[in-house]
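Q: I need the structure of the sequence given here:
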Amino acid sequence: MNKRTVLEILPQSVTDFFNEWQLRILALLSLSSQIALLFLGNRRKYKAEKWLRNIVWLAYSPEDLIVAVFVGILSDCQGNGANPSQQLQAFWMPFLLLHLGGPDTITAYSLEDNELWTRQFFQRLLEFGWAAWKIFLTSSWKGKLLNILAVPMFIAGLIKFGEKTWFLKSGSKDQLRKSAIRDRDRDVGPIGGTETNSDCLTDCDCDVGCTTVVDPICATGCPEHSYPDTVLEWNRPIYPDIVLRWTNRPNYAAFTGGCDFNGAPGCYCSRRPGSEECEIVNSPSPPQPKSEKSEDVVMPSSPSRIKTIPDAYLLEKADQIFPKFKRLFADLVLDWTDLEQSKSFFENISWAEACQVVEIELGFMYDIFYAKPVAVYDKFSFLRFINLLVSISALLGFWIIDKHEFRYVDLIITWLLLVEAILREIYCIILMFSSERTENWLNKQEKTGMTRIYQAISSCRVPFLFPDKKRWSDSMGQCSLLSNSLENLHIVVWNFCCISPLLEMLSEVWNFCISMMSEMEMLSEIWNFFSSCLEFEDCSKNSTVVPEFLKILIFEQLQQKSRTASDIKKAKEFSAHKGESALQNMNCFSELGWSIGEEFDENVLLWHVATELCYYADLNRNSSISVENSDCKASKLVSDYMLHLLVKRPNMLPNGIGEIRFQETCDEAMEFFRSGMQIKEKIQACEKLLQVNTKNRPPKEKEERNCMSVLFNACLLAQSLQFLETEMEWNCEKKWEMMSDVWIEMLSYAASQCPSNQHAEALRRGGELLTHVWLLMAHFGLTEHCQAPRTCNRISLF
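A: Take a look at the predicted model:
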């Protein structure tokens, strides 16, 4: 028996409709996907909803497939070049190629797209070549008027294609490392302003009679000149072939022709044949009063400029710090001098300003990985205006040609493609002018005209059409082990008592249907593929806004540790604490130290259950505790957040078997609740768990702790915490203060141990509190990615 294709099985009317509308459907699909990416692509930056990421994925993924299928269908139709409808449909091809470049709001859906930029480059280069050959060189369409109008749109598509490839390459890890190293070699960006201080210049003791500078941090003890971040710039012809430069590189000694700078750290001397200038540059910092004699001084923005642009001062500081600290995302170490400068800056600002600076930096990082970070001063900015002019010229050309031969539906689609190309470029220009990079650049300018243009264009940002000015979701996921156990317990009881027979019958019917559809196994494979790509579980339903008191608590604890850390070794020790330091500071390590073990996931589960037991026990005893005590609320929030990371984001935590332990603990809790009276509320569950007979004795050895389950140890820990309040005469506030310190240390440890690529992935999901803590710790010097300062001078020949 001859096998028939699907089209032969379908009725003739359906086949005719498909043949007539297949190109139109593809063009409309490409158009709709571009509109979705334009309006939703950049909203992933501050929205954590999974439905948004699913829509963006569905709009981002099929573009290459649409173009390939479209060109293939055109190849089959090239023999009917005299058909006006097919000529107009061939005119749509450059617009689909333009869509391959994508809008400015998105270049990559995930980090893997950046790493595969070479494959995408050659794949799309072949698609462009194939399309150009079919449209412009095929004899049936060659020389047509529409083909002439397609040339400018084809050029615009090439521009978009090259631009997207460049940004994909820039977002790859190798290129990010190269750019970070280049920025380091250029000594990019002082943290503070720049200022000339000629009093700090002293004569060198070398034979050549040159002049050097005294290090304001180390060399002088004069408090009048102790400006750790001052930048010195001085040009003066002292010796014809010697150039002096002060950099923020640590402990570079100058040496040329017997020149000795008395071991001044951070300075080197180089010979340049024919050079007649001497340049001295120092490390950056808090701006000093402006000198009247200084001409090349970059001072902070004027008050009027700061009023024009919101958060202008913090935006400028973040832009100066960012080139140095983006090395963390490339797994590069930071210079100790950079850490000292950042530490000095962050220790003298408020928690709100520190959080804003971190948010701005992570926003810059999001643009590098997932969008097109184009600003007015950027080399790519003029391409927006070229594409806009090209699209307008194509629209005007199509306006004046004779269109009576074309079908009405094809004309509508053509007009939609032309108008969308123009509106998209206008939309991207508005985004470019209102971006934070452009705002920072305008903040440094003294051009009133540019500022007025910025204000006029920024006023065009309609709230529901353009993304908000939010920099991240400002939310933290929440997960409760007891709530999960009680919910599953109720579901199991309901299924067993009421609908278990019905479910068994439906299962038998479903298995029968599957057995009858043995030839349709491909459907299950397709469904498994899409279900793995799409994210159906919406964690945003179980999330809460990060409160201000929690941000203050995190900032103050990191600030305190930063002031205590005197060197890199001490700072690395602080970043490795998992809660034991907080117990030692509160003098209860001997009672509770057993709860901080080597396996971090077990510690999280242990303290999470104990925190819930203490929280609901205190809430039942004193209903005002959860309202008045910020330490109590912070402990509960961080506890649920850490469990959320353990269950939903295990790759962001240190390696372990946290998911297995979580499931085992949930099963044990369900068995425990099912063995006794019916439990409907968390308070009842907590009271029952606190009544477990643990004999109030902590395990003395690791083997003894491993013999006990996590739930049993959690009950023991909760009873030990309550014991501090009843037997050691601690008040409730002191207990929760200690618990909040433990949780902040656990959060800091998890942030420092999380891989940089996981922090980068979190940016496309609305951001994670863990990532903000990680970068804030780095600014306070509490990071393992730092290079110790050299203690000896080094000779340099450049």
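Q: go ahead and list the helix or strand containing Met476.
A: Per DSSP states H and E, Met476 falls inside strand 475-477.
Q: and that strand, what's its mean pLDDT?
A: Per-residue confidence for strand 475-477 averages out to 94 on the pLDDT scale.
Q: report the longest helix in this protein, please.
A: If each helix of the chain is counted by residues according to DSSP state H, the longest one is helix 12-40.
Q: so what does it touch, helix or strand wise?
A: helix 50-60, helix 63-76, helix 84-91, helix 93-101, helix 408-433 (3 or more C-beta pairs under 8 Å, 6 or more residues apart in numbering; DSSP states H and E). The way it works is simple: take the backbone N, C-alpha and C, and place the C-beta from them, glycine included.
Q: avg pLDDT for stretch 692-709?
A: On average, stretch 692-709 scores 64.
Q: measure it end to end?
A: Length of stretch 692-709, first residue to last, C-alpha to C-alpha, to the nearest Å: 13 Å.
Q: same check, this time on stretch 469-476
A: Distance across stretch 469-476, first residue to last, is 19 Å (C-alpha to C-alpha).
Q: what does stretch 426-444 give?
A: According to C-alpha to C-alpha, stretch 426-444 extends 25 Å from its N-terminal end residue to its C-terminal end residue.
Q: can you give the contact residues for that stretch?
A: 38, 42, 103-105, 298, 301, 305-306, 308-309, 312, 315-316, 319, 360, 363-364, 367, 373-378, 381, 384-385, 388, 450-451, 453-454, 457-458, 460-461, 465-466 (C-beta atoms under 8 Å, 6 or more residues apart in numbering).
Q: restricted to buried residues, select those in PyMOL.
A: In PyMOL, this line selects whichever of the contacts of stretch 426-444 come out buried by 16 or more other C-beta atoms under 10 Å:
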select buried, resi 38+42+103+104+105+301+305+306+308+309+312+315+316+319+360+363+364+367+373+374+375+376+378+384+388+451+454+457+458+466
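Q: so of the contacts of stretch 426-444, which ones are in helices?
A: Among the contacts of stretch 426-444, the ones falling in helices (DSSP H) are 38, 305-306, 308, 312, 315-316, 319, 360, 363-364, 367, 381, 384-385, 388, 450-451, 453-454, 457-458.
Q: against Ser575, how distant is Asp474?
A: Distance of Asp474 to Ser575, computed by C-beta to C-beta, to the nearest Å: 24 Å.
Q: who does the residue nearest to Ser475 when sequence neighbours are not counted bridge with?
A: Counting by C-beta to C-beta, 6 or more residues apart in numbering, Ser543 is the residue found nearest to Ser475 once chain neighbours are left out, at 4.6 Å. Counting by DSSP bridges, Ser543 forms beta bridges with Gly477.
Q: Ser543 reaches Gln478, doesn't it?
A: Yes. With the criterion set as C-beta atoms under 8 Å, Ser543 and Gln478 qualify as a contacting pair; they are 6.0 Å apart.
Q: the helices and strands packed on helix 12-40: which one's closest to Glu671?
A: When the helices and strands packed on helix 12-40 are compared by C-beta to C-beta, helix 50-60 sits nearest Glu671, at 31.9 Å.
Q: break down the stretch 651-798 of the chain into its strands, ranges please.
A: Per DSSP state E, counting those that start in this stretch, the stretch 651-798 of the chain carries strands over the ranges 786-787, 794-795.
Q: between the ones you listed, which gets the lowest average pLDDT?
A: Taking the average pLDDT of each of the strands of the stretch 651-798 of the chain, the minimum falls on strand 794-795, with a mean of 57.
Q: got a list of what Asn542 touches?
A: Asn542 sits next to Gly477, Gln478, Cys479, His644 when contact means C-beta under 8 Å, 6+ apart.
Q: one more time with 10 Å
A: Residues in contact with Asn542 (C-beta atoms under 10 Å, 6 or more residues apart in numbering) are Gly477, Gln478, Cys479, Ser480, Ser483, Asp640, His644, Lys648.
Q: of those, buried ones?
A: Burial by neighbour count, 16+ other C-beta under 10 Å: within these this picks out Gly477, Gln478, Cys479, Ser480, Asp640, His644.
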